[in-house]
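Participant: Starting from these lines, generate the structure:
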Amino acid sequence: MLYWFFVKTLSPLARRRFNPTCVGVENIPKEGGAIIAANHLAVIDDAVIPMTSPRMVHFMGKAEYFEGKGIKGRFKKWWFTQAGVFPVDRSGGSKSLGAMETAREIIENGHVFGIHPEGTRSPDGRLYRGHTGVARLALETGAPIIPTALIGTRDLQQPGQVMPSKGHVTVIYGEPIEVEKHDASELTHEEIRELTDRMMRRIQEMSGQEYVDMYAQTYKKMLKDGAAESDGDGKSAAGA
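Facilitator: Purely as a prediction, here's the structure:
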């Protein structure tokens with residue numbers, strides 16, 4: 001796999017552009033399965049984490065990245081696969097189960113899995129409600145969750161911006177949230193939601209973001225449908 005080749009060769013270039021400060025890297029376990037759960041502000045988030053993590057991090061990627069045609073399509077599929085990214089169908093339901101099973105295998109094989117619990121990039125820089133898949137994976141595998149805060153990536157890459165600007169970003173790896181392994185049949189929705197909310201509170205405390213108790217996808221749909229009224233800063237009273 002060319003993951004480390006990409007990190008070693010491209011990371012120095014990216015570092016000069018992003019000037020990342022990394023805090024708490026010692027909180028990433030040196031071995032064994034673990035989950036890095038981070039807020040999501042920009043496309044470059046998934047480049048900043050690998051360049052600051054001492055261990056390889058496996059991420060999910062949109063299935064569309066792996067389904068392109070022609071030379072360009074084959075290159076994108078090769079690139080993401082070699083970078084440790086695996087596809088997920090974001091339509092949800094049974095179509096997304098395959099990706100979660102792959103994530104489980106990665107964790108149980110002693111590797112690090114990276115994920116954004118919000119499920120999509122924040123539409124306005126705030127922190128949105130976390131989906132429960134991260135907590136379920138942790139509880140079913142016994143893997144610790146490393147709550148992670150990305151700060152400044154949205155300033156360097158606004159929505160729709162392809163080439164990020166030069167600037168400074170910060171990555172904070174928080175103290176691991178340790179969990180005991182449970183049989184899937186023993187878990188309750190309340191336990192999974194409690195762990196999810198605890199994880200999101202930790203991320204919010206580190207990132208300093210305003211928290212919105214609504215899924216980001218729901219708010220994005222409201223914006224698209226015109227149901228959310230902006231206050232001029234891309235924020236809305238409907239999501240407050």
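
Participant: Surely Gly174 and Ala149 touch.
Facilitator: Yes: using C-beta atoms under 8 Å, Gly174 is in contact with Ala149, at 7.2 Å. In short, each C-beta sits where N, CA and C put it, glycine included.

Participant: shared neighbours, those two?
Facilitator: Taking C-beta atoms under 8 Å, 6 or more residues apart in numbering as the criterion, Gly174 and Ala149 both touch 203, 206.

Participant: what about those two, which has more around it?
Facilitator: Ala149 (22 against 19; other C-beta atoms under 10 Å).

Participant: just checking, the more buried one touches Met199?
Facilitator: No: with contacts counted by C-beta under 8 Å, Ala149 stays clear of Met199, the gap being 11.6 Å.

Participant: Just give me the longest helix of this protein.
Facilitator: Secondary structure of the chain per DSSP state H: the longest helix is helix 189-207.

Participant: List the contacts of the helix or strand following that helix.
Facilitator: Note on helix 189-207: by DSSP states H and E, the next helix or strand toward the C-terminus is strand 211-212. Residues outside strand 211-212 that contact it (C-beta under 8 Å, 6+ apart): 126-129, 200-201, 204, 219, 239-240.

Participant: tell me the mean pLDDT for strand 211-212?
Facilitator: Here strand 211-212 scores 98 as its mean pLDDT.

Participant: now that strand, how far from the centre of its chain.
Facilitator: 17 Å (C-alpha atoms, centre = their mean, to the nearest Å).

Participant: who does it pair up with?
Facilitator: strand 127-128 (parallel) (DSSP bridges).

Participant: elements contacting the helix or strand bottoming out on mean pLDDT in the chain?
Facilitator: None of the helices or strands of the chain scores lower by mean pLDDT, DSSP states H and E than strand 85-88, at a mean of 72. Counting contacts by 3 or more C-beta pairs under 8 Å, 6 or more residues apart in numbering; DSSP states H and E, strand 85-88 packs against strand 57-62, helix 97-108.

Participant: Out of the ones you listed, which one sits most buried?
Facilitator: strand 57-62 (a mean of 20; mean count of other C-beta atoms under 10 Å).

Participant: which one is Met200 nearest to, not counting chain neighbours?
Facilitator: Gly130 (4.3 Å; C-beta to C-beta, 6 or more residues apart in numbering).

Participant: ranges for the helices of the protein?
Facilitator: Under DSSP H, the chain gives helices at 3-18, 45-52, 70-82, 97-108, 133-141, 153-156, 189-207, 216-225.

Participant: which one of those helices lies closest to Phe59?
Facilitator: For these, the distance to Phe59 is smallest for helix 45-52, at 5.5 Å, taking C-beta to C-beta.

Participant: Quick one: low-confidence residue ranges for the protein.
Facilitator: In the predicted model of the chain, residues 1, 65, 79, 83, 87, 89-97, 227-240 satisfy pLDDT under 70.

Participant: okay, which residue is most central for it?
Facilitator: His116 (2.4 Å; C-alpha atoms, centre = their mean).

Participant: So what's the residue count around the residue lying closest to that residue once chain neighbours are set aside?
Facilitator: The shortest distance from His116 to any residue other than its chain neighbours is 3.7 Å, reached at His40 (C-beta to C-beta, 6+ apart). His40 has 21 neighbours, counted by other C-beta under 10 Å.

Participant: Would you check that His40 makes contact with Ile115?
Facilitator: No: using C-beta under 8 Å, His40 is not in contact with Ile115, being 9.3 Å away.

Participant: quick one: terminal-to-terminal distance for stretch 159-169?
Facilitator: 16 Å (C-alpha to C-alpha, to the nearest Å).

Participant: Could you measure from Glu210 over to Ile203?
Facilitator: Glu210 sits 12 Å away from Ile203, taking C-beta to C-beta, to the nearest Å as the criterion.
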